[in-house]
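Enquirer: sequence unavailable; structure follows:
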C-alpha cells in the first residue's frame, strides 16, 4: 500500500507494475467498501494490464489524519467531488491511458470522471452499477436505512464474535469466504461518517439519479455494464436502463453482460466470470481505446 495526498486528504492505493499493454485499469470501489475487494480480479489481470486500486476519500485506508481539521479537507462528498479526486490522483501518478472499472456507486463516479477526462479515460466498465430511475418511496426508505447504518457503527462492532458471518451473506447469492465477510465488517465500521453520509445522500438525490443517464448519453468513450442476475441492490433491469442511453450501442443492450448466480458483490462471488467479461471487452479495443 502507498499513500498520496489529494486536496488535503491521504489516499491509500496499490499500483501494479506496467505491462506490455499501454492501458491501465483503474478500480473504484462502492459505498462502505474499500479497494481490497478488487484483489481477486487484479491477481488475474495484472500480468497483462497495469492495475490501480485506491480507497475513496473517507473509506478504507483513505482516512483523514487526526491532526488535520475537516475544514482543511477542501473537497465535498458528492459524485463530482470523488471524480475530481480521481482526476488529481491520475495526474499525480502520471497515468494517461486508463479504463475505469467501478463497482456500485463507484460506477457512477467512473462515469462522471470519464466525462471530465475525455482524453485520459478510454472506456468505462460498470460492475453491479446502473440506475437512472427515481422511485421516491424506495429511495426515501433506502436513504433512511442508510443514515441509520452510518449512525449506528460503534468501533467495537468490529470485535463482536461471529458478526462477520452476517457480512458473508449480505447482498450476495452464495455465501462468500469468511475473510471477505471480516473485511466488509471492518470497512463498514471504519468509514468516515461525513464521507459515508455525504456520498449516500448526494448519489441518491432525484437530481443526481436523473443526471446519470444524461452523462452516459454524452460520453464518447465506450461504456459497458456487468450485472449480477440476482443482484438485490442493483437489479439487472436498472443496469440495462442506464446502459441504453449510450449512443454507441443504440439501446440494443450490446453493452450489457449478465452473470448468472451472482448478487451485488460480483468480484467476490464470480471473479473468474468477471475477469472473462473484462478481457472480452478490452480485447475489442487497441491501446488508444479505438475499436479494432
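Expert: It's in. Given the structure is predicted, the values throughout are model-derived calculations rather than measurements.
Enquirer: can you pull out the helices in the stretch 101-250 of the chain?
Expert: For the stretch 101-250 of the chain, the helices defined by DSSP state H, counting those that start in this stretch cover 105-116, 136-151, 163-167, 178-190, 193-203, 206-218, 236-243.
Enquirer: tell me the helix or strand right after the last one.
Expert: This means helix 236-243. strand 256-259 (DSSP states H and E).
Enquirer: circling back to that earlier point, make CSV from the helices of the stretch 101-250 of the chain and add mean neighbour count to it.
Expert: C-beta here means a position set from N, CA and C on the backbone, and glycine is covered the same way. Below are the helices of the stretch 101-250 of the chain laid out as CSV (neighbours: other Cβ atoms under 10 Å):
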stretch, mean neighbour count
helix 105-116, 26
helix 136-151, 13
helix 163-167, 16
helix 178-190, 19
helix 193-203, 20
helix 206-218, 16
helix 236-243, 20
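Enquirer: lowest average pLDDT across those helices?
Expert: Ranked by mean pLDDT, these end with helix 136-151 in last place, scoring a mean of 87.
Enquirer: gap between the two ends of stretch 149-169?
Expert: 17 Å (Cα to Cα, to the nearest Å).
Enquirer: stretch 35-46 too?
Expert: Taking Cα to Cα as the measure, stretch 35-46 stretches 15 Å from start to finish.
Enquirer: where does this structure have low pLDDT?
Expert: Within the chain, the segments meeting pLDDT under 70 span 66-75.
Enquirer: run the last query once more with 50
Expert: Residue ranges of the chain with pLDDT under 50: 71.
Enquirer: so which residue is smack in the middle of it?
Expert: Against the mean C-alpha coordinate of the chain, by Cα atoms, centre = their mean, the closest residue is residue 106 at 2.4 Å.
Enquirer: need the contact list for the residue lying closest to residue 119 once chain neighbours are set aside.
Expert: Once flanking residues are discounted, residue 119 sits nearest to residue 96: 7.7 Å by Cβ to Cβ, 6 or more residues apart in numbering. With contact taken as Cβ atoms under 8 Å, 6 or more residues apart in numbering, residue 96 is in contact with 90, 119-120.
Enquirer: phi, psi for residue 96 please.
Expert: Torsion angles at residue 96 (phi, psi; degrees, to the nearest 10) stand at phi -120, psi 0.
Enquirer: compute the first-to-last residue distance for stretch 37-53.
Expert: End-to-end distance (Cα to Cα), stretch 37-53: 10 Å.
Enquirer: please renumber so the chain begins at 152
Expert: Sure, I'll start counting at 152 from here, so that last one is stretch 188-204.
Enquirer: what's the spacing between residue 227 and residue 394?
Expert: Using Cβ to Cβ, to the nearest Å, residue 227 is found at 28 Å from residue 394.
Enquirer: same check on residue 180?
Expert: Applying Cβ to Cβ, the value for residue 180 to residue 394 is 21 Å.
Enquirer: where does the residue nearest to residue 188 when sequence neighbours are not counted fall, secondary structure wise?
Expert: Among residues not flanking residue 188 along the chain, residue 418 sits closest, at 5.5 Å (Cβ to Cβ, 6+ apart). If you go by DSSP H and E, residue 418 is part of helix 417-420.
Enquirer: do residue 163 as well
Expert: strand 160-166.
Enquirer: note down every partner strand of that strand and its orientation.
Expert: Paired strands of strand 160-166, with direction, are strand 153-157 (antiparallel), strand 201-205 (antiparallel) (DSSP bridges).
Enquirer: got the angle between the helix or strand following that strand and helix 256-267?
Expert: Next along the chain after strand 160-166, taking DSSP H and E as the criterion, comes strand 175-179. Put simply, strand 175-179 runs at 130 degrees to helix 256-267, going by axes from the mean of the first three to the mean of the last three Cα atoms, to 10 degrees.
Enquirer: which strands or helices does strand 175-179 pack on?
Expert: helix 190-196, strand 201-205, helix 230-244, strand 249-254, helix 256-267 (3 or more Cβ pairs under 8 Å, 6 or more residues apart in numbering; DSSP states H and E).
Enquirer: related to what we said a few turns ago, out of the helices of the stretch 252-401 of the chain, nearest to residue 237?
Expert: Nearest to residue 237, of all the helices of the stretch 252-401 of the chain, is helix 256-267, at 4.8 Å by Cβ to Cβ.
Enquirer: and that closest one, how far out from the chain middle?
Expert: Centre-to-centre, helix 256-267 and its host chain are 9 Å apart (Cα atoms, centre = their mean, to the nearest Å).
Enquirer: with stretch 342-351 instead?
Expert: 15 Å.
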